[in-house]
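K.L.:
Dropping the sequence and predicted coords here.
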Amino acid sequence: MIDGVGGHTLWVNLTKGSIEKKPLDEEVISNYLMGAGYLSRVLFDLIPQGIDPLSEKNVLGMATGLLTGSMFPQASRHVIAALSPLTDIWGESHAAGFWGAELKFAGYDAIVFTGASTSPVYLNIKDDDVDLLDAEEAGIWGKDVFETDDILKEKHGKRIRTLSIGQAGENLVRFAAIMNDRDRASARSGLGAVMGSKRLKAVSVRGTGKLTVADPKNYLKQIDVFHKRMMANPFTPGRIKYGTTSLVELMQHIGRLPSYNMRQGVFDGFEKISGDAINEKYLVKARADFSCLQRCGRYTAVRSGPYTYEGGAPEFETQSAMGSRCGNDNLESVLFGHHLANQYGLDTISLGGTISWAMEAWDEGLLTADDTGGVDLSWGNHETVVRLTRMIAMREGFGDVLAEGSARAAQKIGRGTDKFVMAVKKQEIAGQEPRAQKSMGLAAATAARGADHLYAFPVLDEAGFDEEIRERFGKQYLPEMADRLSPKYKGIMVKECEDYMVMIESVGLCKYGTQIPPEFFYEDIAVALKIHNGLELTKRDLQVIGERIVNLNRLFNARLGVTRKDDCLPERLTKEKAPLGPPAGEVVELDAMLDEYYTERGWDLKTGLPTKDTLERLGLEEDV
Amino acid sequence: MTELNFVFGDPRVCSGCMTCANVCSMYFYKVISPARSRNRVLRIEPALDFPLFCRNCEDAPCIDACPEQALMRTSKGVVIVNNKKCVGHGECVKACPYYAIQIHPDTGKAFKCIQCGECVDRCPADALFMTTEKDLAERDKDGSMMMLYEHHKEEIYGKEEESR
């Protein structure tokens, strides 16, 4: 038995109401680690083809990483996965907080939910006691995320950690999030709707157990080294001061701040929604998650006016999605909008991406008050942004159309509005205008869960990480790989970053510290897995595991018909030149980058699918 | 008598990351387990994180409460538990006004912070400090920090089962 884990997995059949506890499968761990890798393997085998993601046949998995709950910096994360109701392909989402560590202290590393309950339930875990309980009787069905947390703490004790959906998940909004610890979001892929379709409202956990470690003698000494490096990193003070909020300024500077849907990458009102603007008036505190040294979590408050609230918000992604992307420079509405999204359980990226799609269609005269029930969709109408957040969560009026996401909404409305859908594989592109950073364009096109900046998170060309590129890739790739406007070597970069990042999501660490700033790399993770879990894995082993997971995700999607043709971007980004700012005149040279990417991956250039040789090399030949 | 030391933290500065608790359970028990840490960290909304430690009271009610005389103060002023004498019936737990001494889930004996300071230097938020009553009054001149402890005392010192 390896150290540093809960030691068991829970298998919950919601149709039957049965719960089974199984020992951790160490063979899966040796090939996939835990977290994202574990769920990739297990769900590939369990989710049948050709099913409705919102049917009882979908399987929802939640898993911690091997280092979740450890003392490695930012070891707080868990992963949730299922067939996505937004993209109809592989769906995966991650969050930090305390829930994952608590689950391990209770003795569990993962939970797999099959079937669907006929009436609303929640899973309550108190160490060895695991019960499916009536969510209506508990008074949490129909309640928002904060109310659910309050009620469950009242009922089961204030030290429990909760994970739940809000009204958006119950109402099957296709970009509903799963929230934990009140304001942490597994936001993307619409997995909140999967929980809602299974009538699973929450998973509350209390763990009073312990994690043993493989090398207790040297553990603290080695952790001290990691902690000192993290605290000494020049990025750390800025991360503590601003979280991700000051990315608004940086992205404006490089012309990568999606604005007016994604017409352009610069926004006149950027200063009003910037990190400095938040710090000046609204920041209450920087908060951390379990073992987090960087505390990027913001706790903010608006003390008066229509947007009064207090809570955990925002992230850069929201400032971009509900701010610049909607032409909205009213900061209080952005902050309040994020708070509402947490409360109802919505992905702010797809939320802002869908509203901004509607705003552009309105601006082009393709959507009118007849369609929207009188809601005015003018650029920058902050009241509309807030109002639609509620309407989408509750599926009221025009909100019901938008609750399907921009791709489905455009299909329903027609009239050429699909031109303004800034999505890949039906998931809205996040806050990276890819004409200003080519690697992000490729990453959005290839990510397994549809448009996504995090699957590869290729940020090394963003702001002068030449030294790290030299270390991680080799000096032969400079200067092009570090040039955000050059498509050259971005296929190599995105491939390597994907392999690394899925591995990181499989050990339960944050991308902060491992990718930006790029303080820790494979060798450090290998040391951590050794002292914490007692695993002897080399850098090469971890690289192959990452590559195996990416290929298995690809096979999952290939089964559902995904090929190279789906690894595309909206035409605006590949054909229309960026109109303004530093990337003016640029388009994303996607095809050239894809060729390089598939070549690096050992995937067929025409189909974009793994070749037989590649699958054999990774031990996946039987999964075709 | 020399002034008594204790660890204290500012709930406005503490980020809630649990590093102190993890350092503690690892340092003393070679595991990671908030339930086996000699301190507690409690997040109280809105936006407060209380790192909670033995306050090393002058009158130390825990010492008097123990029928086995298992608790004593060392020459350095630290209240310690004699594991040979402790039978874990928890009178000290009841007597402590800060819920800073508890029964260890594995050993069945009382355990508490002994002001070793291992966590203080490792706090990434610089929220913790080794202090005395006098020093604390200096640090908290306007009394705003102590007011937060006073205001939330029922939540942070409540001894119901689920408080750690």
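P.N.:
Cool, got the structure. Numbering: from 1, shown residues only, chains lettered A, B, ... in the order given.
K.L.:
When you work out contacts or count neighbours from here on, use the C-alpha atoms and nothing else.
P.N.:
Noted.
K.L.:
check contacts around A:Arg387.
P.N.:
If a contact means CA atoms under 8 Å, 6 or more residues apart in numbering or on different chains, then A:Arg387 has no contacts.
K.L.:
okay, now residue 117: neighbour count?
P.N.:
Assuming you mean chain A. 17 (other CA atoms under 10 Å in any protein chain shown).
K.L.:
Chain B was what I was after
P.N.:
Taking other CA under 10 Å as the definition, B:Gly117 ends up with a neighbour count of 16.
K.L.:
Identify the residues contacting the worst-scoring helix or strand of chain A on mean pLDDT?
P.N.:
Comparing helices and strands within chain A by mean pLDDT, DSSP states H and E singles out helix A:466-472 as the least confident, with a mean of 94. Contact partners of helix A:466-472, identified using CA under 8 Å, 6+ apart, comprise A:Leu460, A:Lys475, A:Tyr477, A:Leu478, A:Pro479, A:Met481, A:Ala482, A:Pro518.
K.L.:
if you look at the residues you listed, which of them are in helices?
P.N.:
Among the contacts of helix A:466-472, no member falls in helices (criterion: DSSP state H).
K.L.:
from the chain's centre, how far out does the least confident helix or strand of chain A sit?
P.N.:
Taking the mean C-alpha point of helix A:466-472 and that of its whole chain, the gap between them comes to 26 Å (CA atoms, centre = their mean, to the nearest Å).
K.L.:
circling back: export the contacts of helix A:466-472 as a markdown table, with columns for pLDDT and neighbour count.
P.N.:
Rendered in a markdown table, the data for the contacts of helix A:466-472 read as follows (pLDDT from 0 to 100; neighbours: other CA atoms under 10 Å in any protein chain shown):
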| residue | pLDDT | neighbour count |
| --- | --- | --- |
| A:Leu460 | 93 | 23 |
| A:Lys475 | 96 | 14 |
| A:Tyr477 | 97 | 17 |
| A:Leu478 | 95 | 15 |
| A:Pro479 | 95 | 14 |
| A:Met481 | 96 | 26 |
| A:Ala482 | 96 | 26 |
| A:Pro518 | 95 | 18 |
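K.L.:
Distance to B:Phe111 added to these, as CSV?
P.N.:
Putting those into CSV (distance: CA to CA, whole Å) gives the following:
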residue, distance to B:Phe111
A:Leu460, 48
A:Lys475, 55
A:Tyr477, 57
A:Leu478, 57
A:Pro479, 58
A:Met481, 55
A:Ala482, 54
A:Pro518, 40
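K.L.:
Helix or strand next in line after the least confident helix or strand of chain A, which one?
P.N.:
Scanning forward in sequence from helix A:466-472, with DSSP states H and E defining helices and strands, the next element found is helix A:490-507.
K.L.:
In terms of secondary structure, what does that next one contact?
P.N.:
helix A:35-46, helix A:438-446, helix A:539-559, helix A:590-601 (3 or more CA pairs under 8 Å, 6 or more residues apart in numbering or on different chains; DSSP states H and E).
K.L.:
Next, the residue most central in space within chain A: secondary structure please.
P.N.:
Nearest to the geometric centre of chain A sits A:Ser93, at 4.4 Å (CA atoms, centre = their mean). Under the three-state scheme (DSSP: H, G, I helix; E, B strand; the rest coil), the conformation of A:Ser93 reads as strand.
K.L.:
That one contacts A:Ser186, correct?
P.N.:
Yes - here A:Ser93 reaches A:Ser186: they are 4.9 Å apart, a contact under CA atoms under 8 Å.
K.L.:
Common neighbours of those two, please.
P.N.:
Listed as contacting both A:Ser93 and A:Ser186 by CA under 8 Å, 6+ apart are A:Val79, A:Ile80.
K.L.:
Buried residues in the least confident helix or strand of chain A, which are they?
P.N.:
Applying a neighbour-count criterion of 16 or more other CA atoms under 10 Å in any protein chain shown, the buried positions in helix A:466-472 are A:Asp466, A:Glu468, A:Ile469, A:Arg470.
K.L.:
try stretch A:562-581
P.N.:
The neighbour-count check on stretch A:562-581 (16+ other CA under 10 Å) flags A:562-564, A:567-570, A:572-574, A:577-578, A:581 as buried.
K.L.:
from the chain's centre, how far out does stretch A:229-249 sit?
P.N.:
Distance, centroid of stretch A:229-249 to centroid of chain: 20 Å (CA atoms, centre = their mean).
K.L.:
From start to finish, how long is that stretch in a straight line?
P.N.:
Between the opening and closing residues of stretch A:229-249 lies a distance of 26 Å (CA to CA, to the nearest Å).
K.L.:
Buried residues of that stretch, list them for me.
P.N.:
Buried residues in stretch A:229-249, defined by neighbour count with 16+ other CA under 10 Å: A:229-230, A:235-236, A:239-249.
K.L.:
Which of the helices or strands spans A:Ala286?
P.N.:
Using DSSP H and E, A:Ala286 falls within strand A:283-287.
K.L.:
Show me what the helix or strand immediately after that strand in the chain is packed up against.
P.N.:
Read in the C-terminal direction, the helix or strand following strand A:283-287 is strand A:297-302, with elements assigned using DSSP H and E. Counting contacts by 3+ CA pairs under 8 Å, 6+ apart, strand A:297-302 is packed against strand A:283-287, strand A:309-312.
K.L.:
Please identify the most buried of those.
P.N.:
Per-stretch averages of neighbours, counted by mean count of other CA atoms under 10 Å in any protein chain shown, single out strand A:283-287 among the helices and strands packed on strand A:297-302, with a mean of 23.
K.L.:
what is the orientation angle of that strand with strand A:297-302?
P.N.:
Counting by axes from the mean of the first three to the mean of the last three CA atoms, to 10 degrees, strand A:283-287 points 160 degrees away from the direction of strand A:297-302.
K.L.:
Strand A:283-287: partners in the sheet, and parallel or antiparallel?
P.N.:
With DSSP bridges as the test, strand A:283-287 is paired with strand A:297-302 (antiparallel).
K.L.:
Now do the same for the partner strand: mean pLDDT, whole number.
P.N.:
Model confidence over strand A:297-302 averages 98 on the pLDDT scale.
K.L.:
now what about that strand, what contacts it?
P.N.:
Contacts made with strand A:297-302 from outside it, assessed by CA under 8 Å, 6+ apart, are listed as A:243, A:282-289, A:308-315, A:332, A:336, B:47.
K.L.:
at 6 Å instead, please
P.N.:
A:282-288, A:308-313 (CA atoms under 6 Å, 6 or more residues apart in numbering or on different chains).
K.L.:
can I get the CA coordinates of it in PDB?
P.N.:
Coordinates of each C-alpha in strand A:297-302 appear next as PDB, following Å, rounded to 0.1, in the frame of the first residue of the first chain:
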ATOM      1  CA  GLY A 297      -8.000  33.600  -3.800                       C
ATOM      2  CA  ARG A 298      -9.700  37.000  -3.400                       C
ATOM      3  CA  TYR A 299     -12.200  37.900  -0.800                       C
ATOM      4  CA  THR A 300     -13.900  41.100  -1.800                       C
ATOM      5  CA  ALA A 301     -16.900  43.200  -0.800                       C
ATOM      6  CA  VAL A 302     -19.000  45.900  -2.400                       C
END
